[in-house]
Every structure is written in structure tokens, then in C-alpha cells.
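**Q** one predicted model, sequence on top.
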Amino acid sequence: MVSAGDFKNGLTIEHEGNIYQIVEFQHVKPGKGAAFVRTKMKNIKTGSVTETTFRPTEKFENAHIERKDMNYLYNDGDLYYFMDGETYEQIAVGKDKVGDSLTYVKENESVKICSHNGDVFAIEPPITVELVVTDTEPGIKGNTATNATKPAVVETGATVYVPLFVEQGETIVIDTRTGEYSKRV
């Protein structure tokens, strides 16, 4: 149990049946009346941010978020399958919980599965991935003076904007947080 007076940034709590992460908090002691804690909380499952005030003595349950390394195996329609590398246990996660987090992830790559009490709510891909460009227009000589880009399709089917010098068949590094080209390998 944690009281509102002990809030810290990044703390996860259970409140009204949901799991929240404290984004910001401020202890307020007005000249007249009781002190209170003004918080900005992010709902872990939906991603929505709410502002709420609490009395400093209000108590909340700590929410333990488990992050586990698993290998992405394959998808079968609306289900995505992952395997624990230590126990070889497989789990299936619905398309609604995966969202677009696997846009740049190939099969058999390692991802982090985030869960609370066994309920998976998010998948965290690696920060950078190496993918092969499967389709792009050839670069025209002389067009490299500016910082121009062109669309390229990578092996997962995603489209990334790359510099004009990148050719089909080359391996590139992509930042999965922004979906942007980082460098050639």
C-alpha cells in the first residue's frame, strides 16, 4: 500500500479498477483548508491521461507490472503467438492488444511482453531493428545535394522513408519508437 503523500514519478497504482502510472504529482498546501496532492496519471491499458486530486492520506495498492522477454513466433489472423525462451511456454495475444507495436518486428525476434496479474496489455519492440529493403525506387545520380528521402518497403511490409542512396536489398536500421530510418548496415 502506498499513500498519495508518498507518490513518485513512474509509480504504478491501482485506482478504481484500473492501473495508472504517476506522470506528475504536486503537493499543494493552500493557505486555507486541507492539503492535497494534484496528480497527472496515465492509464496503462488505454494510454489516456487524467488529472486528479487526492488527500495525502488516501491509500492505494501498488500495481506490479511484469516485463518478460519473449520471442515473437508468428501471427494467425487476429492472434499473435509468443514463446518464452526459458520455459518454451507459448502464449497467444489478440490483435487489439498488439496494435501496431510489431510493425517493424520480424518473426523469431525478441520483444518485451508487459502484463499485470497475467493479463497482457502491451508489447514493447526492441528500440532498433535491422531490416532488409525489399522494394524502393532507384536513386537518381545528382539528387543527393539535398536531404531528400524516398519511400521504401522493408521485409515486414512497413513503409519507411529513407535517403536517396539506399538501394533495394540493403539492410537498414530503423528506430521503432519513431519509425524512422537510422543508418545503413
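**A** Looks like it came in fine.

**Q** mind listing the residues bridging to the nearest residue to L79 once chain neighbours are set aside?
**A** Distances taken as CB to CB, 6 or more residues apart in numbering put A92 closest to L79, at 4.5 Å, once the chain neighbours are dropped. No exception for glycine: its C-beta is placed from N, CA and C like everyone else's. Using DSSP bridges, the bridge partners assigned to A92 are Y81.

**Q** count the neighbours of A92 for me.
**A** Around A92 there are 13 other residues, counting by other CB atoms under 10 Å.

**Q** so for it, what's the pLDDT?
**A** Here, the pLDDT recorded for A92 equals 88.

**Q** how close does it sit to V98?
**A** A92 sits 10 Å away from V98, going by CB to CB, to the nearest Å.

**Q** mind listing what the residue nearest to L79 touches?
**A** L79, Y80, Y81, F82 (CB atoms under 8 Å, 6 or more residues apart in numbering).

**Q** for K42, see how far away it is.
**A** Using CB to CB, one obtains 27 Å as the distance from A92 to K42.

**Q** I127 now?
**A** Relative to K42, I127 is positioned 20 Å away (CB to CB).

**Q** is the residue in the chain sticking out farthest from the centre in a helix, a strand, or coil?
**A** Ranked by distance from the centre of the chain (CA atoms, centre = their mean), the top residue is K32, with 42.8 Å. The assignment at K32 comes out as coil when based on DSSP: H, G, I helix; E, B strand; the rest coil.

**Q** look up phi and psi at it.
**A** K32 has phi and psi values of phi -130, psi 130 when expressed as degrees, to the nearest 10.

**Q** show me what the most centrally placed residue in the chain is bridged to.
**A** Closest to where the C-alpha atoms of the chain average out (CA atoms, centre = their mean) is E124, at 4.5 Å. With beta bridges defined as DSSP bridges, E124 has these partners: K112.

**Q** how about the contacts made by it?
**A** Neighbours of E124 in contact, by CB under 8 Å, 6+ apart: R67, S101, V111, K112, C114.

**Q** the last one - how many residues pack around it?
**A** The criterion is other CB under 10 Å. On that basis, C114 has 18 neighbouring residues.

**Q** and it, what element?
**A** In this assignment (DSSP states H and E), C114 forms part of strand 110-116.
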